[in-house]
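Asks: Provide a 3D model corresponding to the input given below.
(chains A, B and C)
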Amino acid sequence: METLVFFGLAVPILVLAVVVVTTPHILRAVVSLFLALVGVAGLFFLMRAPILGVMQLMIYAGGVVVLFAFAVMLVRRVTGEFVRQQTGLAGPALVVGLLFFVVLMGIGSGYLAGLEDEAAAAGSVHPVSRDLAERLVLTDVPEEIDPVEDFSPVMIRDYVIPFEIASILLLVAMIGAVLVGHPLEQKHPGGEIEPEEPAEEGEGA
Amino acid sequence: MTGHPYLQLLIMTVGGILFVAAAMIVSWLLRPNRPSEVKASTYECGEEPVGSAWFQFPAQFYLIALLFVVFEVEAAFLIPWALKLGDFLHHAAAEGVGSPWFVVVEMAIFLAILILGWVYALRKGALEWITE
Amino acid sequence: MVYLIPEFLLVLVGAVGLVIAFAPSRPRLRAYSLVGGLTCFGGAVVAGYLAYLATTDLGAELAATAPGYLTTTLALDPFSRVFAVLSLIVCGLTFLLSKEYLETRMQDHQPELLAVIAFAAAGMSFLGSARELITIWFSIELLSVCGYVLAAFTKDDERSAEAALKYFILGTASSAFMLFGLSYVYGMTGRLDLVGIMEATAGDGIGVLLPTAAVLMLVGFGFKVAMVPFHMWCPDVYEGAPTPVTAFLSVGPKLAALAALARVFSTAFPHEVARVAWEGVLFWGALITMTLGNVVAIKQSNIKRMLAYSSIAHAGYMLVAVLVTLRSDLALSALAIYAFAYVFMNLGAFAVVTSFSNRTGSDALHSYNGLARRSPYLAWAWAFFALTLVGLPPTAGFLGKAYIIMAAWDAGATWNSPMFWLLVVLVLNSAISLAYYMGVAGRMFFKPPAHDDPVPVGGGVGTAIGLCLAGTLLMVLAAGPIIGAIQNGAVFALH
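Replies: Numbers count the residues shown, from 1 in each chain, chains lettered A, B, ... in the order given. A predicted model of the protein is given here:
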């Protein structure tokens, strides 16, 4: 059942991800990305990590995609034509991506084969390898687990330092957002937007 | 209901999709098909739509959305903390922290640093809407 | 808690800067850059004491009774505090050398720039101490995000905007690779702390997936270090960013990433399979990085681009020290000493460039012609920093290179071994670097200036140059204590 749900989520995610990078229509890409991210949230729920699932929905599907949509609207030409996603580099990108995939798969399958040989030779499986093997086939998820009980104390008790670093990180991100994005701070409009503003006026008149 | 804790959710989701699909199929079967120019136009509260919906958004939308995402991440950190706060306050020793104040001070520092950022954004006028 | 005083001070300095930025009646920038800089130097003394403390019995006792949240995430060893000293010094020097630039060349946002530099220095310090993957990830991201913001500070300048965008896109891509590697490591071992990862991969069960993870992580670190082939962003960003920011970026992220690199790879991946992979990559990485950096630097006509390539070359030298961390006890001391020397000489050189461009607005090499007549202080300072950067005795640069060579020798660089030839390349590279560092000095002393207007040196940047000069000379004295602290702390074994 879980395997079924996994593939029911994984296949659409992959298809949508391919759509994101191949479609020339950029809003379609944004919507596909949104759906793919929702699918990833589903995977988190499947792995019994609901906090991560909720965060994925909230931050990525809810926030970041909206940001993308605004970014698309921001850089759009005002002349009425759609922004076409440039897919000119698709060929080289495909080659690089395939190479990466082949290397990873080759390594992964070689590793698993090595594991089997080893288990056969030694008669017992090393904990590390068992761990990976079980993770790969999604069987090692404990049934009785309260994710909140599991997650929060670790974050609150042991990982205080990264937690506070995260707040500084967010603070700097905010400073950056205000500095870079604030129109009032922009004494001379940036190079990207400037040439288009006269065009807008021209269209209005 | 036994089984996977999200089985209900799955059933709800599938049921919801089926329901919408069924409603659309049934209405497609029942309705007469008479397309016209007016029906295909954009609905805008009875007003004639002017221009294209595709215009360049002001950068302000982007800035607000960006600050919103920061706020969301902040909330994402608050939720797990809030869920366990009671346990930590009442059974500090059992949870492995010396004092119940630990968790409070920890979040106070976290929030203080972020509030600094919000005051900064506020003072710089990043949250004000500028109309041209 | 005492261990965190350096980081606390840096965050405090940054927070104060931010408050100054939005305070209704704006206190003077001068006061902030001076007080902030002095606070950093004071903090450096405290951090130095902590490094010393970590070698004593009292320090060991404190480390043993430290609260769980400290021992889980940070390594309470002398090496980490030595890097805290370094972070504070970098922050303090950058504060001083930025002062005139901020006053004369930027209209707005000056306190924010200093505040973000302080936050970045805090990230640097955390990265040098982090002992588990989450803290490493958060610190490196803090450092990166600060870098993106800093590079984008003068966004009205088109080149700066382009540099910031380039830095951001390439930086996030490399972060993604690194995160991918981290998730592999966690997926395979189920452990986040470096020592735990080492324990979990101790047996024969480790396959070829671990080297992949290690190499993916190396991509992330390599980007921050500007290791070839992940150096492409470096010249553009260094040229486009405001000069004080360039000065900071050329030392801060680089040194912190090198420290973390040494800690992560020697602690987490000391076992055969992964070790062969990362040592192999680092060997060729170091070799190509130092050679390419030096050779390309010769052809540059912009001094900031030249220093960018020179900083790539220096990263190559330091990668040699990282490479031998598992083979030689001296490697970490060598890395720390070179790092200190590099901070003083590189920030010093950038201080000269900042001071010059504050008055002339030019970074072109030919505008340095005849500087000796226009400003003897700057010309002589440059000549001295050039000697140090080349690594001629008796300067700090020589000391750093000598220790790296000693560490590599200690690691078994016998006649005709690969390590031996790496050292030969290192020495040859130092000779090559003589050409361009001294080329600039030659322009200053022997070419006629376009005109004779004097180039006055501002108080803040002048002090920074003076401190860097003092630092490069006094390193000879400081080297002993640094080595003592790091050697006595039995560094990484102390979890």
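Asks: hey, let's count contacts and neighbours off CA atoms from now on
Replies: Will do.
Asks: If we go by neighbour counts, what in the helix or strand hosting residue C:297 is buried?
Replies: Per DSSP states H and E, residue C:297 falls inside helix C:272-298. For helix C:272-298, burial by neighbour count (16 or more other C-alpha atoms under 10 Å in any protein chain shown) applies to C:273-275, C:277-279, C:282-283, C:285-295, C:297-298.
Asks: overlap between the residues you listed and the residues near chain B?
Replies: Here nothing survives when those are matched to chain B using C-alpha under 8 Å from any C-alpha of the partner chain.
Asks: how many other residues sit next to the residue lying closest to residue C:101 once chain neighbours are set aside?
Replies: Distance criterion C-alpha to C-alpha, 6 or more residues apart in numbering or on different chains; nearest residue to residue C:101, sequence neighbours excluded, is residue C:358 at 5.9 Å. Using other C-alpha atoms under 10 Å in any protein chain shown, the number of residues around residue C:358 comes to 22.
Asks: Can you give me the distance of residue C:358 to residue C:319?
Replies: 33 Å (C-alpha to C-alpha, to the nearest Å).
Asks: before we move on, what about residue C:47?
Replies: 25 Å.
Asks: What residues sit buried inside the helix or strand where residue C:42 lies?
Replies: Using DSSP H and E, residue C:42 sits in helix C:29-53. For helix C:29-53, the neighbour count (16+ other C-alpha under 10 Å) marks C:29-30, C:32-48, C:50-53 as buried.
Asks: related to what we said a few turns ago, the helix holding residue C:297 close to chain A?
Replies: No: residues of helix C:272-298 contacting chain A under C-alpha under 8 Å from any C-alpha: none, with a closest distance of 12.2 Å.
Asks: following that helix, which helix or strand comes up?
Replies: helix C:303-323.
Asks: List the buried residues in whatever helix or strand comes next after that next one.
Replies: Where DSSP H and E defines the elements, the next helix or strand beyond helix C:303-323 is helix C:331-360. For helix C:331-360, burial by neighbour count (16+ other C-alpha under 10 Å) applies to C:331-359.
Asks: What is the neighbour count of residue C:66?
Replies: For residue C:66, using other C-alpha under 10 Å, the count is 16.
Asks: would it count as being in a helix?
Replies: No: under DSSP: H, G, I helix; E, B strand; the rest coil, residue C:66 sits outside any helix and is assigned coil.
Asks: Could you measure from the residue lying closest to residue C:200 once chain neighbours are set aside over to chain B?
Replies: Distances taken as C-alpha to C-alpha, 6+ apart put residue C:189 closest to residue C:200, at 5.8 Å, once the chain neighbours are dropped. Distance of residue C:189 to chain B, computed by C-alpha to the nearest C-alpha, to the nearest Å: 25 Å.
Asks: How many neighbouring residues does residue C:189 have?
Replies: Neighbours of residue C:189 (other C-alpha under 10 Å): 22.
Asks: can I assume it is in contact with residue C:201?
Replies: Yes: contact criterion C-alpha atoms under 8 Å: residue C:189 and residue C:201 qualify, at 7.1 Å.
Asks: Name the nearest residue to residue A:65, sequence neighbours excluded.
Replies: Per C-alpha to C-alpha, 6+ apart, closest to residue A:65 is residue A:34, 6.1 Å.
Asks: can I assume that neighbour is in contact with residue A:64?
Replies: No: look at residue A:34 against residue A:64 with C-alpha under 8 Å: they stay out of range, at 9.0 Å.
Asks: Looking at the two, which is more packed in?
Replies: When residue A:34 and residue A:64 are compared for neighbours, residue A:34 comes out ahead with 23 against 19, by other C-alpha under 10 Å.
Asks: can you tell me how far that one sits from residue A:52?
Replies: 16 Å.
Asks: any idea how far the closest residue to residue C:393 other than its chain neighbours is from residue C:342?
Replies: Spatial nearest neighbour of residue C:393, chain neighbours left out: residue C:399 (7.5 Å); criterion: C-alpha to C-alpha, 6+ apart. In this view, residue C:399 and residue C:342 are 11 Å apart by C-alpha to C-alpha.
Asks: hmm, back to that, what sits against the residue nearest to residue A:65?
Replies: A:60-61, A:65 (C-alpha atoms under 8 Å, 6 or more residues apart in numbering or on different chains).
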